[in-house]
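>>> attaching a predicted model along with its sequence, questions to come.
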Amino acid sequence: MRFGGFMNQLLYIVWNPDLVAFRLGPLSVRWYGLMWAIGIALAFLVVKRLYKEQKIKDELFAPLYIYCFFGILIGARLGILNLYYYSTLKAILIREEED
């Protein structure tokens, strides 16, 4: 396929999809939340499998997963603040003296 043909193929892609993946009555599930849920569920399954393969006790899994879950959520929020609202994050973390 020539480069021009590839560019024509890109024109057929919908670049602005609907924010809502599907609706369940009054509840609308957005793509962002759906991807988060799938990512957390896959992480759960992968880590659970690793624990079984390495023969680590099951009672050690739940506390670690809870810490990881909240760490992921807090880290994602701090990442958004750092990327999109850096001045706000800077004002919160570093108190600048008023001149």
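Okay, I see it.

>>> where in the protein is pLDDT low?
Filtered on pLDDT under 70, the chain yields the residue ranges 1-4, 95-99.

>>> ok, now how distant is the spatially most central residue of the chain from residue 72?
Taking CA atoms, centre = their mean, the centroid of the chain lies closest to residue 36, which sits 4.8 Å from it. Between residue 36 and residue 72 the distance is 9 Å, computed by CB to CB, to the nearest Å. Where you see a C-beta, it was placed from the backbone N, CA and C, and this is true even at glycine.

>>> show me where the protein has its strands.
Counting by DSSP state E, the chain has these strands, from start to end: 20-24, 27-30.

>>> could I get those strands as TSV with distance to residue 77 and mean neighbour count?
Formatted as TSV, the strands of the chain follow (distance: least, CB to CB, whole Å; neighbours: other CB atoms under 10 Å):
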stretch	distance to residue 77	mean neighbour count
strand 20-24	22	10
strand 27-30	17	12
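
>>> let's have those strands in a markdown table, adding distance to residue 87.
Listed next are the strands of the chain as a markdown table, based on distance: least, CB to CB, whole Å:
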| stretch | distance to residue 87 |
| --- | --- |
| strand 20-24 | 31 |
| strand 27-30 | 27 |
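
>>> which of these sits closest to residue 14?
Counting by CB to CB, residue 14 lies closest to strand 20-24 out of the strands of the chain; the figure is 14.0 Å.

>>> can you list the strands that the closest one pairs with?
Using DSSP bridges, the strands paired with strand 20-24 in its sheet are strand 27-30 (antiparallel).

>>> residue 40 contacts residue 73, doesn't it?
No: counting by CB atoms under 8 Å, residue 40 sits too far from residue 73 to count as a contact (9.0 Å).

>>> where exactly do the helices run in this structure?
In the chain, the helices defined using DSSP state H lie at 3-10, 31-53, 61-84, 86-93.

>>> figure out which of these is closest to residue 19.
Scanning the helices of the chain with CB to CB as the criterion, the closest one proves to be helix 31-53, at 6.5 Å.
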